[in-house]
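Chemist: generate coordinates for the sequence data below:
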Amino acid sequence: MSLTKAQRAELKNKYDGRCSYCGVELSTRWQADHFVPIVRNWITLNGKKLYTDCVNPENDCIENMMPSCGPCNNDKSSLSLEDWREAIKHKVFTLNNSHPIYQKAKRYGLVVETDIDVVFWFEKYRS
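Modeler: Down below sits the predicted model:
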């Protein structure tokens, strides 16, 4: 779904110009995320990937859109909100097991891990 300029402006201001997930102030390159994911069908034609349609078009609507920074939208991808929440919590395990720089920062007290629940900006936002 292509949003009009007015729809984009309204969506961007839904949470005071902040990413609905992490709360960072949105840049000019912010993205509209499908809160309930849509599943797109793609074909490759002459080496180019082209979008054809989506499996659940009822979710491709303005009411299902959330303002998002690029990193959050890319990380969430086609995950449901709860699956993404669990994937974020799992990232600490991944960092502990595969990133020596993170492990060193943790040993020197530069990183303090917690077991807090992941709470998204829109869940704590008050207009």
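Chemist: per-residue pLDDT, Ser127?
Modeler: pLDDT for Ser127: 62.
Chemist: same check on Tyr51?
Modeler: 69.
Chemist: same check on Gln7?
Modeler: On the pLDDT scale, Gln7 is placed at 97.
Chemist: likewise Leu45?
Modeler: Note on Leu45: pLDDT of 82.
Chemist: how close does it sit to Cys54?
Modeler: Per Cβ to Cβ, to the nearest Å, Leu45 is found 18 Å from Cys54. Backbone N, C-alpha and C define where each C-beta goes, glycine included.
Chemist: same deal with Trp84?
Modeler: Counting by Cβ to Cβ - Trp84 and Cys54 are separated by 19 Å.
Chemist: that older thread, ok, Leu45 and Cys54, which is more surrounded?
Modeler: Cys54 (16 against 9; other Cβ atoms under 10 Å).
Chemist: for the more buried one, give me phi and psi.
Modeler: phi -130, psi 150 (degrees, to the nearest 10).
Chemist: repeat for the one 5 residues further on
Modeler: Comment: the main-chain dihedrals of Asn59 come out as phi -90, psi 0, following degrees, to the nearest 10.
Chemist: likewise for the one 4 residues further on?
Modeler: Here is the backbone geometry of Glu63 (degrees, to the nearest 10): phi -70, psi -20.
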